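> Predicted model follows, preceded by the sequence.
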Amino acid sequence: SSPAFGVIAVQDPYDRAQQVEAGRLWQRAHLELEAAGYAAQPLNQMPEVADRQRQLGVASSMATELADFAASGWSPTFGFRMGKAT
């Protein structure tokens, strides 16, 4: 039911500095959206599944699916949805 979805992508999703910067970006974006009257909610199930598949050492079908959401050389690390708050 959300009219817009977004992702924050990094070049190396397992690099701690990039993880922190992605989190900071989300915090700033979320505050800006809220100040403008929009609602936003994290949707991180897909990156979490990709991480779990990597942890288990199985072929990561989810990582392949996620690659479609970012430019070549970038990996989505944080997903969210947003819309007008009611």
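Thanks, I have the structure now. Numbering: from 1, shown residues only.

> hang on, isn't Leu33 packed against Trp26?
No. Assessed by C-beta atoms under 8 Å, Leu33 is found out of contact with Trp26, at 10.3 Å. C-beta here means a position set from N, CA and C on the backbone, and glycine is covered the same way.

> Where do the strands of this protein begin and end?
Remark: strands assigned in the chain by DSSP state E are 4-10, 38-42, 75-84.

> Mind putting those into JSON lines with distance to Phe69, mean neighbour count and mean pLDDT?
Formatted as JSON lines, those follow (distance: least, C-beta to C-beta, whole Å; neighbours: other C-beta atoms under 10 Å; pLDDT from 0 to 100):
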{"stretch": "strand 4-10", "distance to Phe69": "5", "mean neighbour count": "17", "mean pLDDT": "93"}
{"stretch": "strand 38-42", "distance to Phe69": "15", "mean neighbour count": "14", "mean pLDDT": "94"}
{"stretch": "strand 75-84", "distance to Phe69": "5", "mean neighbour count": "19", "mean pLDDT": "93"}
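
> now the ones you listed as TSV including distance to Gln18?
TSV is the format used below for those (distance: least, C-beta to C-beta, whole Å):
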stretch	distance to Gln18
strand 4-10	4
strand 38-42	17
strand 75-84	8
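
> how about stretch 7-27: buried residues?
By neighbour count with 16 or more other C-beta atoms under 10 Å, stretch 7-27 contains the buried residues Val7, Ile8, Ala9, Val10, Pro13, Gln18, Ala22, Trp26.

> Determine how far the last residue of that stretch lies from the first.
One end of stretch 7-27 to the other measures 13 Å (C-alpha to C-alpha, to the nearest Å).

> List of residues touching it?
The contact list for stretch 7-27 (C-beta atoms under 8 Å, 6 or more residues apart in numbering) reads 42, 47, 69-71, 73-80.

> any idea how far Gln19 lies from Ala35?
Distance, Gln19 to Ala35, by C-beta to C-beta, to the nearest Å: 25 Å.

> in the chain, which helix has the most residues?
Ordering each helix of the chain by length in residues (DSSP state H) puts helix 16-35 first.

> I'd like the average pLDDT over that one.
Across helix 16-35, pLDDT averages out at 97.

> All set, thanks.
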